[in-house]
Structure formats: structure tokens, C-alpha cells
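> The following comprises the amino acid sequence and a computationally predicted model.
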Amino acid sequence: HASCSSTSTSSSTSPTMPLPPAAWSGARPLGHGSVAAMPLDWHKALSDQIRGDLDPRSADVVLAVDTVWLTDLLEMVVRVVQQVMDSRPDAVLYLAFVERPGKLKNERVPSMQDVKDAFLAASCTVDEMYSGTVKHDGGLVLPVVVLDIRRAT
């Protein structure tokens, strides 16, 4: 699942202060800006996912956790992230990726290198922020990484 976050800068935002006018509806103060979230459907264009003032194309940050678990999803995720970055070249994707064994229910599962290569081919930079392991179903220990993905300049 993925969420989009839109932030606005303001010199003084606290839980008791009003939000900046550019904040999405449902936004909450965070630091000197605000944060809001909405789910994204990788199968749909971002323009089809606008809900009132919630426009994923205006997101500063896209947070995706365990979303690329089939190779078929990787191309869709890259396409949606490119749409955000087309509107906001300074946007960033934080992608938490769990590397699974080669097949899952007869479906091909992407490797970490497949994920990195797909974003690099889409003119993005890919930096590892975190690398570790996570216990998965049945106690299986799998590698997990968090990637910082941005448009290459």
C-alpha cells in the first residue's frame, strides 16, 4: 500500500495552530508544515485518483511499504511515481521492500536489483537508507531495505 504526503512550509505550526492554507484536507501539523495521507492504486493514473483537494500529484513524499511483491506490480509503481515526479520534480519516494524467494504462487517475484534497475531506468536515483531482516509468515526471515528514490538531476 502507498500513501502520499503533502507538506507546506510555515514558520510556526503546532497542534494548536491553524494549518497552512496549502495543506490537504485532513492534514495534521508536523514540524513547520503538515502531513496528510491517501491510498494510491497502482493500476490507475494519478489524475483519476484526485479526491477534492487531495491530489497525489502535489505530494512531496510518497511512502510505499511492501507494495512491490510481484514483478507485474513493479512497472505500475514506477509509472505512478514518475507521474508524481513529473508534477513535483523534488518529490521523494521512500520504498520499503521485502525480498522474497523467487516465486510466490507461480508468480515471478522481483529481486532487490530488479527494483533498483527499474527506477534507475526511469531516470531516478536510488539510495539505500536501511538494510536488515524481517520475520515473515511461518517465521521465515527475509531481507528488507528502505530505499530513497528521487528524480535524477
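Cool, the structure landed.
> mind checking the longest helix of this protein?
helix 71-87 (DSSP state H).
> Which SSE is immediately downstream of that one?
Once helix 71-87 ends, the next helix or strand along the chain (criterion: DSSP states H and E) is strand 92-98.
> any idea of the angle that following strand forms with helix 71-87?
170 degrees (axes from the mean of the first three to the mean of the last three C-alpha atoms, to 10 degrees).
> wait, doesn't residue 148 sit right on residue 119?
No. Shown here, residue 148 and residue 119 do not form a contact pair, counting by C-beta atoms under 8 Å, at 10.6 Å. (Glycine included, C-beta is placed from N, CA and C.)
> Need the overlap of contacts for the two.
Residues touching both residue 148 and residue 119 (C-beta atoms under 8 Å, 6 or more residues apart in numbering): residue 126.
> contacting residues for residue 53?
Counting by C-beta under 8 Å, 6+ apart, the residues that residue 53 touches are 24-25.
> Show the pLDDT at it.
Listed pLDDT for residue 53 reads 82.
> which one of residue 148 and residue 119 has more residues nearby?
residue 119 (23 against 14; other C-beta atoms under 10 Å).
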